[in-house]
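Asks: Sequence first, predicted coordinates after that:
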Amino acid sequence: MPRPSRFCGVILAAGFSTRMGRDKALLPWPPREQAGSAAVRGQTFLSAAIRSLRPFTEIVIVVSGANETEIAAVVYSEGASLVSNPEPQRGQFSSLRIGLQYVLDHGRDAALITLVDRPPVRPTTIETLCAAFVSAHMDVWAVIPEHQGRHGHPYFAARELIEAFLKAPATATARQIEHQHQPHIRYVPVDDPFVSVNVDTPEDYAALHHEDLSH
């Protein structure tokens with residue numbers, strides 16, 4: 001039996017961006033040196049993430065932290081919903097759980113999850129992941145992209161994995177829960193290096209200036 005096709009998007013944006021020195025959610029995207037058209041000028045990592053998930057989801061939820069005031073205008077201007085993590089110092093898993101509880105509270109059984117500190121992947125990448133998730137057997141709890149042996153984001157999580165995340169100890173991590181339920185995880189190869197790119201430092205961001213951003 002196929003999976004339902006009604007999803008929430010969840011973007012985790014509550015980090016402190018300590019190594020970057022400024023909020024990664026508000027970094028210009030594409031990097032200013034690469035922004036070649038009016039259509040992309042003024043975008044940020046956060047607005048690009050919302051736009052990338054919006055065609056595939058009914059609601060896009062952004063989980064903020066201490067940066068709630070700074071990113072709220074971007075969230076609402078892009079038609080997304082904002083939920084705050086009152087204790088972002090507890091780490092990324094705490095933000096994930098808050099976002100996923102919002103998903104269940106709004107009557108959805110699946111989520112398309114990504115992090116704000118990365119460039120948006122190609123629309124065709126999400127199309128591939130979506131098709132794999134919708135057609136998967138109910139025994140598949142998640143569909144995760146893989147590029148050159150590295151797993152990444154965005155990924156689809158079914159209700160079973162969402163509930164496993166929510167029932168886990170607060171000290172756990174998403175990766176630990178994923179590994180505990182490995183037989184229920186499907187990895188889908190994609191030709192998109194951005195699924196596994198993390199942008200944590202100014203050097204990481206500068207390196208994107210040399211990437212092919214045409215996708």
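Replies: Now that the structure is in, tell me what you want to look at. Residues are numbered from 1 along each chain as shown.
Asks: the strands in the protein, which residues?
Replies: With DSSP state E as the criterion, the chain has strands at 8-12, 59-64, 81-84, 110-115, 142-147, 150-151, 155-158, 185-189.
Asks: Quick check: which of these is nearest to residue 93?
Replies: Residue 93 lies closest to strand 8-12 among the strands of the chain, at 9.5 Å (Cβ to Cβ). For the C-beta atoms, the positions are set from N, CA and C on the backbone; glycine is no exception.
Asks: Take the strands of the chain and lay them out in TSV including distance to residue 167 and mean neighbour count.
Replies: Shown next, in TSV, are the strands of the chain (distance: least, Cβ to Cβ, whole Å; neighbours: other Cβ atoms under 10 Å):
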stretch	distance to residue 167	mean neighbour count
strand 8-12	17	27
strand 59-64	19	25
strand 81-84	20	17
strand 110-115	16	26
strand 142-147	15	22
strand 150-151	22	14
strand 155-158	14	26
strand 185-189	17	16
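Asks: which of these has the lowest average pLDDT?
Replies: The weakest mean pLDDT among those belongs to strand 150-151, with a mean of 94.
Asks: Now do the helices in the chain.
Replies: For the chain, helices defined by DSSP state H occupy the ranges 45-53, 68-77, 92-105, 123-135, 159-167, 174-180, 202-207.
Asks: Grab the nearest non-local neighbour of residue 201.
Replies: In space, and not counting its chain neighbours, residue 201 is closest to residue 19: 4.9 Å by Cβ to Cβ, 6 or more residues apart in numbering.
Asks: Just name the most buried of the helices of the chain.
Replies: Of these, the one with the most neighbours on average (mean count of other Cβ atoms under 10 Å) is helix 45-53, at a mean of 24.
Asks: Residues contacting that helix, please?
Replies: 9, 11, 13, 24-27, 29, 43, 60, 62, 71, 74-75, 77-80, 112, 114, 116-121, 123, 126, 154, 199 (Cβ atoms under 8 Å, 6 or more residues apart in numbering).
Asks: List the beta-bridge partners for the residue nearest to the spatial centre of the chain.
Replies: The structure's the chain has its C-alpha centroid closest to residue 114; by Cα atoms, centre = their mean the separation is 0.8 Å. Here residue 114 sits in beta bridges with residue 11, going by DSSP bridges.
Asks: which residues touch it?
Replies: By Cβ under 8 Å, 6+ apart, the contact list for residue 114 reads 9-12, 49, 52-53, 153-155.
Asks: switch the cut-off to 10 Å
Replies: Residues in contact with residue 114 (Cβ atoms under 10 Å, 6 or more residues apart in numbering) are 9-13, 49-50, 52-53, 60, 120-121, 126, 152-155, 195.
Asks: Quick check, pLDDT for the spatially closest residue to residue 109 that is not a sequence neighbour.
Replies: Spatial nearest neighbour of residue 109, chain neighbours left out: residue 159 (4.2 Å); criterion: Cβ to Cβ, 6+ apart. pLDDT for residue 159: 95.
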